[in-house]
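Enquirer: have a look; sequence and predicted model below, questions after that.
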Amino acid sequence: CPVKSQCIHGNHCKTPLEERTKNIEVSKRFQRQRQEDLERITSPEGIQLRVNRSIQAEGAFAMVKADMTFRRFLTRGNKNVLVETMLLAMAYNIQKLHCKIQAEKLNRHRILVDNAA
């Protein structure tokens with residue numbers, strides 16, 4: 001390969017550059033799961049669910065940051081930050097439920113999902 005010296009590093013390696021090789025391996029299980037996931041998300045139901053999610057996800061972060069004025073975590077450590085995140089998520093969900101109850105919009109979706117459970 002004409003660019004082998006740029007691709008394979010290891011200047012302090014005892015094996016000469018000409019004898020060194022790189023191997024690429026692809027997991028068959030990963031490829032199979034990737035194909036199944038692609039089939040699921042490109043199905044009509046998957047497309048509908050993705051459209052609904054794309055509408056909902058960005059708004060949640062914007063609302064938490066802007067409306068709930070959340071800028072930084074008040075605690076330290078993975079466990080404490082996880083607890084704080086869960087409390088924030090519960091507060092957001094309760095606020096969202098309250099707004100839906102007030103507007104009488106329970107059990108409505110922007111795009112109808114036929115087979116969703």
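Expert: Looks like it arrived, so ask away.

Enquirer: okay, CA-based contacts and neighbour counts for the rest of this
Expert: OK.

Enquirer: tell me where this protein has strands.
Expert: For the chain, applying DSSP state E gives no strands.

Enquirer: what bits of this structure have low per-residue confidence?
Expert: Scanning the chain for pLDDT under 70 picks out 11, 54-57, 109-117.

Enquirer: now do 50
Expert: The chain contains no residues with pLDDT under 50.

Enquirer: longest helix in it, please.
Expert: When the chain is parsed with DSSP state H, its longest helix is helix 78-103.

Enquirer: and it, what's buried?
Expert: 84, 92 (16 or more other CA atoms under 10 Å).

Enquirer: packing partners of it?
Expert: In terms of contacts (3 or more CA pairs under 8 Å, 6 or more residues apart in numbering; DSSP states H and E), helix 78-103 is not packed against any helix or strand.

Enquirer: so how far is it off the chain centroid?
Expert: Chain-centre distance of helix 78-103: 19 Å, with CA atoms, centre = their mean, to the nearest Å.

Enquirer: wait, what's in contact with residue 73?
Expert: 81, 84 (CA atoms under 8 Å, 6 or more residues apart in numbering).

Enquirer: at 7 Å instead, please
Expert: residue 81 (CA atoms under 7 Å, 6 or more residues apart in numbering).

Enquirer: next: the one 3 residues further on.
Expert: Taking CA under 7 Å, 6+ apart, we find residue 76 in contact with no residue.
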